[in-house]
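Student: Need a 3D model of the following:
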Amino acid sequence: MPAADEEEQQFDFGSKKKSKKKKEDKAEMGDGEDEGVGLGGDLVGVDWSRGPVYTYDEMLTRLYKIIEDKNPTLGTKERYVLKPPQTVRVGSKKVAWVNFSELCGMMKRPVEHVVQFVLAEFGTEGSIAGAATTRAEGAGADGQLILKGRYLPKHCESLLRKYIKEYVTCEMCKSANTSLKKDSSTRLFVVECTNCGANRTAASIKSGYHSVTRGDRRAAKQAKG
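Tutor: Below is the predicted model:
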């Protein structure tokens, strides 16, 4: 049937030829290997000397030295020093914190804010002696905080440590070179660090434990009666 033969011829794609590309690639790879061996042999023949071997401690020292050279303030830890609180008795029921305004100036914090914190933590009443001591940052040397109650210098010192940790120290770099600003939108205080640029919202001042005295009980009875 000639028609069938013609169809077979039309659809005859011919015999499958083997590609020579693979053989050529293999040959090229073989040539490259030979060249590589030659290069490797040349490299092995080159004279070289072994460099110094550093221990872990030596490498760690070098790393810290590089960090200190690039960032001088990061590698060193600055110590924050304050004068100890000084208190004197005023009568039989009050205590005067003599160098209170001076400590506020050293911490660079508003006197009103520190007074609010002290009164809330001690749960007592008090006021600043002298009109010149009511300025925002630091007051006159004669500024004293008069507290109702009997408080020793060690009580004031522990209170200052708590205040410094919450409202002065930066949580990122532990630096005391910070500023306290009040956000106008949230009305919350924000601690901003001058060294690393970090900022955080400080906790709001909450009233601490307030002991009920004989005068408070007497006033409560009079109010009921």
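Student: Spell out the residue ranges of the strands in the protein.
Tutor: Counting by DSSP state E, the chain has strands at residues 87-90, 94-97, 126-129, 144-148, 178-182, 189-193, 199-201.
Student: now what about the second one, what contacts it?
Tutor: This means strand 94-97. For strand 94-97, the external contacting residues (CB atoms under 8 Å, 6 or more residues apart in numbering) are 85-90, 129, 144-151, 156. Every residue, glycine included, has its C-beta placed from N, CA and C.
Student: how about it as PDB, C-alpha atoms only?
Tutor: Presented in PDB, the C-alpha positions along strand 94-97 are these (Å, rounded to 0.1, in the frame of the first residue of the first chain):
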ATOM      1  CA  LYS A  94      10.000  65.500 112.300                       C
ATOM      2  CA  VAL A  95      13.200  64.900 110.500                       C
ATOM      3  CA  ALA A  96      15.100  67.300 108.100                       C
ATOM      4  CA  TRP A  97      16.900  65.800 105.100                       C
END
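Student: what lines up beside that strand in the sheet?
Tutor: strand 87-90 (antiparallel), strand 144-148 (antiparallel) (DSSP bridges).
Student: Of the contacts of strand 94-97, grab the buried ones for ChimeraX.
Tutor: A single ChimeraX command selects the buried members of the contacts of strand 94-97 (16 or more other CB atoms under 10 Å):
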select :85,87,129,144,145,146,147,148,151,156
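Student: Got the domain ranges for the protein?
Tutor: As assigned by automatic domain parsing, the chain contains the domains 80-168, 169-205.
Student: Of all those domains, which one is nearest Arg62?
Tutor: domain 169-205 (22.9 Å; CB to CB).
Student: how about that closest one: buried residues?
Tutor: Applying 16+ other CB under 10 Å to domain 169-205 flags 169-170, 173, 175-178, 180, 189, 191, 193, 195, 199, 202, 205 as buried.
Student: now Lys148, which residues is it bridged with?
Tutor: Applying DSSP bridges, one finds that Lys148 bridges with Lys94.
Student: Who are the contact partners of it?
Tutor: By CB under 8 Å, 6+ apart, the neighbours of Lys148 are Lys93, Lys94, Thr124, Glu125, Gly126.
Student: Between those residues, identify the one with the most neighbours.
Tutor: Taking other CB atoms under 10 Å as the neighbour criterion, Gly126 ranks highest of the contacts of Lys148 with 21 neighbours.
Student: Quick check: nearest residue in space to that residue, chain neighbours excluded?
Tutor: Leu147 (4.3 Å; CB to CB, 6 or more residues apart in numbering).
Student: Retrieve the pLDDT associated with that neighbour.
Tutor: Residue-level confidence at Leu147 comes out at 93, pLDDT.
Student: thought it was touching Phe122?
Tutor: Yes - using CB atoms under 8 Å, Leu147 makes contact with Phe122 at a distance of 6.7 Å.
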